[in-house]
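Fold the stuff below for me.
(one chain, ligands or ions: 1)
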Amino acid sequence: MAKVELKNIEKTYEGDVRAVSAANVVIEDREFVVFVGPSGCGKSTTLRMIAGLEEITSGELWIDGELVNDIPPKDRNIAMVFQNYALYPHMTVYENMAFGLRIRKIANAEIDKRVQEAAKILSIQEYLHRKPRALSGGQRQRVAVGRAIVRNPKVFLFDEPLSNLDAKLRVQMRTEIAKLHNRLKATMIYVTHDQVEAMTMGDKIVVMKDGVIQQIGSPLLLYDHPCNHFVAGFIGSPPMNFLDGKLRRDGERLLAEGEGFSFVVADNHLEALLKAPHPEVVIGIRPEHMGIAAQDQIDNILSAHVTVIEELGAEAHMYMSRRADDMENLIARLEQRHGYRIGDNIRLSPDMERVRYFDAVSGEALLGVIGPIRMSSRRSALAQG
Ligand code: ADP
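Below is the predicted model:
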């Protein structure tokens with residue numbers, strides 16, 4: 001199995017379309033790394049460059065200690081699973097899985113062994129003699145994964161493999177791929193626009209936007225310490241709340257003030273915020289840190305009225321607005337049986353020690369990013385530990 005390393009990789013398409021800028025990523029042997037970002041951010045292009053399906057404009061790609069920029073896809077020892085699984089309709093499941101091995105002139109006995117083994121891992125033994133049209137979407141996607149497994153690749157690449165499946169099946173396949181990773185102990189690189197998939201599957205997540213890597217880190221590092229406003233808003237569901245505010249000294253205290261609120265900056269944030277380049281900040285509050293104020297509480301209050309309540313059983317998501325027009329969507333995550341109703345006026349109180357702050361101009365996190373892996377969206381160099 002293999003380590004994959006992207007060193008300053010760039011991709012410019014014809015017409016000067018810069019799809020990927022200075023990508024620096026180390027994917028360790030046996031790691032499950034997810035590239036995530038909105039549509040058009042360059043994640044598929046990155047994956048296709050690793051696969052060898054797209055020429056690398058500049059930079060170096062290393063797989064298992066070998067510089068592979070000029071190595072054709074078939075000699076890179078990788079296998080790719082696509083969104084549209086593209087099975088051959090006239091071949092049985094068995095033949096679909098065996099086909100790539102036959103082309104490589106592998107002996108029949110060996111092909112049979114590998115196909116049976118993969119079928120067992122994926123629980124599709126009983127479908128081996130069916131044609132793809134007699135399979136469900138999930139079963140077809142399993143066959144597509146099987147086609148990759150039989151090749152015994154150094155690296156598995158997945159390009160949005162679950163987006164054609166319905167919601168329930170997607171959750172199930174997500175777990176199956178995670179289990180497959182544990183079982184095969186292979187290096188896997190997975191591309192998706194779905195941050196929930198990224199959070200639930202990745203050992204490490206690479207967040208991209210406009211061709212630029214924003215941040216690399218474990219799911220919890222990205223959740224707790226997003227490096228900028230974009231990552232903070234992209235990772236997490238329901239998303240982080242953002243309030244425009246301004247920092248102001250008030251004697252010993254530092255206040256973060258905005259429309260209808262005056263928060264006292266918590267002691268653990270003072271040092272960093274006193275160095276903020278601009279007083280204008282964006283205050284980020286996760287829905288689970290949007291608490292309800294105690295009756296006698298005076299500080300750190302945010303008043304809003306309830307516009308929508310989503311009861312999810314174990315918890316509820318309460319949507320609120322500070323304004324009469326309801327255009328704003330502040331979200332609080334509440335425990336079940338909370339007793340609130342639409343139209344109620346609420347006194348919210350964010351957990352000030354857990355609040356995040358971003359520079360209103362650059363979007364950069366002002367509290368610094370804990371953890372070894374961090375990249376500024378404005379710099380192209382990547383510091384990775
Ligand atoms: P993602 O996978 O994140 O949705 P892509 O990697 O497919 O994004 O695309 C990144 C950018 O490169 C987009 O702006 C897209 O329009 C552009 N792009 C992708 N493929 C081509 C191509 N063959 N020629 C020109 N531009 C392309």
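
Where is the longest helix in the chain?
helix 167-184 (DSSP state H).

Run through the neighbouring helices and strands of the helix or strand following it.
Downstream of helix 167-184, the first helix or strand assigned by DSSP states H and E is strand 187-192. In terms of contact count using 3 or more C-beta pairs under 8 Å, 6 or more residues apart in numbering; DSSP states H and E, strand 187-192 is assigned the packing partners strand 32-36, helix 43-51, strand 155-159, helix 167-184, helix 195-201. C-beta coordinates here come from the backbone N, C-alpha and C atoms, glycine included.

Out of these, which gets nearest to Q139?
helix 167-184 (9.9 Å; C-beta to C-beta).

What lies in contact with that closest one?
32, 121-122, 137-138, 141-142, 145, 149, 156, 158, 161-163, 165, 188, 190, 197, 200-201 (C-beta atoms under 8 Å, 6 or more residues apart in numbering).

What subset of these is buried?
Buried members of the contacts of helix 167-184, scored by 16 or more other C-beta atoms under 10 Å, are 32, 121-122, 138, 141-142, 145, 149, 156, 158, 161-162, 165, 188, 190, 197, 201.

What parts of this protein come near the ligand?
Selection of the chain residues close to the ligand by C-beta under 6 Å from any ligand atom yields Y13, V17, A19, G37, S39, G40, C41, G42, K43, S44, T45.

rerun that using 8 Å as the cut-off
Within the chain, the positions near the ligand by C-beta under 8 Å from any ligand atom are 11, 13-15, 17, 19-20, 37-48, 54, 159-160, 191, 193, 208, 211.

picking that back up, comparing the helices and strands packed on strand 187-192 by mean pLDDT, which bottoms out?
Sorting the helices and strands packed on strand 187-192 by mean pLDDT places helix 167-184 lowest, at a mean of 88.

Restrict that one to CA atoms and write it as CSV.
These are the backbone C-alpha positions of helix 167-184, laid out as CSV (Å, rounded to 0.1, in the frame of the first residue of the first chain):
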residue,chain,number,x,y,z
ALA,A,167,-30.5,9.0,1.2
LYS,A,168,-30.9,5.8,3.2
LEU,A,169,-28.7,3.7,0.9
ARG,A,170,-26.1,6.4,1.0
VAL,A,171,-25.8,6.2,4.7
GLN,A,172,-25.5,2.4,4.5
MET,A,173,-22.9,2.5,1.7
ARG,A,174,-21.0,5.1,3.7
THR,A,175,-20.6,2.6,6.6
GLU,A,176,-19.7,-0.1,4.1
ILE,A,177,-16.9,1.9,2.5
ALA,A,178,-15.6,2.8,6.0
LYS,A,179,-15.6,-0.9,6.9
LEU,A,180,-14.0,-1.8,3.7
HIS,A,181,-11.2,0.7,4.5
ASN,A,182,-10.7,-1.0,7.8
ARG,A,183,-10.7,-4.4,6.3
LEU,A,184,-8.4,-3.7,3.2
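
and that helix with strand 187-192, angle?
Relative orientation of helix 167-184 versus strand 187-192 (axes from the mean of the first three to the mean of the last three C-alpha atoms, to 10 degrees): 160 degrees.

Which residues in helix 167-184 does the neighbour count mark as buried?
Buried-residue list, helix 167-184, by 16+ other C-beta under 10 Å: L169, R170, M173, R174, E176, I177, L180, H181, L184.

Quickly find the element holding the closest residue to G368 other than its chain neighbours.
The shortest distance from G368 to any residue other than its chain neighbours is 6.0 Å, reached at A272 (C-beta to C-beta, 6 or more residues apart in numbering). Using DSSP H and E, A272 falls within helix 267-274.

For that helix, give me every contacting residue.
Counting by C-beta under 8 Å, 6+ apart, L247, L254, A256, V265, V281, M352, E353, V355, Y357, L366, L367, G368 sit against helix 267-274.

Which helix or strand lies directly C-terminal to that helix?
strand 280-285.

Show me which helix or strand of this structure is least confident by mean pLDDT.
helix 167-184 (a mean of 88; mean pLDDT, DSSP states H and E).

now the angle from that helix to strand 155-159?
Going by the same axes, to 10 degrees, helix 167-184 makes 170 degrees with strand 155-159.

now helix 167-184 and strand 32-36, what's the angle there?
Counting by the same axes, to 10 degrees, helix 167-184 lies at 140 degrees to strand 32-36.

how far does helix 167-184 sit from the chain's center?
Chain-centre distance of helix 167-184: 16 Å, with C-alpha atoms, centre = their mean, to the nearest Å.

sorry, back to before: buried residues in the helix holding A272, which are they?
For helix 267-274, by 16+ other C-beta under 10 Å, it's H269, L273.

ok, back up a step: where does the residue nearest to G368 land on pLDDT?
94.

ok, now the one 5 residues further on?
According to the prediction, P277 has pLDDT 94.

Please apply the same query to the one 4 residues further on.
V281 carries a pLDDT value of 98.

gap between it and the ligand?
30 Å (C-beta to the nearest ligand atom, to the nearest Å).

My guess is that residue contacts L247. True?
Yes: assessed by C-beta atoms under 8 Å, V281 is found in contact with L247 at 6.0 Å.

And these two? Which one has more around it.
V281 (23 against 19; other C-beta atoms under 10 Å).

which residues touch the more buried one?
D244, G245, K246, L247, A256, L273, Y357, F358, D359, A360, L366.

mind running it again at 10 Å?
Contact analysis of V281 by C-beta atoms under 10 Å, 6 or more residues apart in numbering lists 243-247, 256, 258, 265, 273, 356-361, 366.

partners of it in the sheet?
Counting by DSSP bridges, V281 is bridged to G245, D359.
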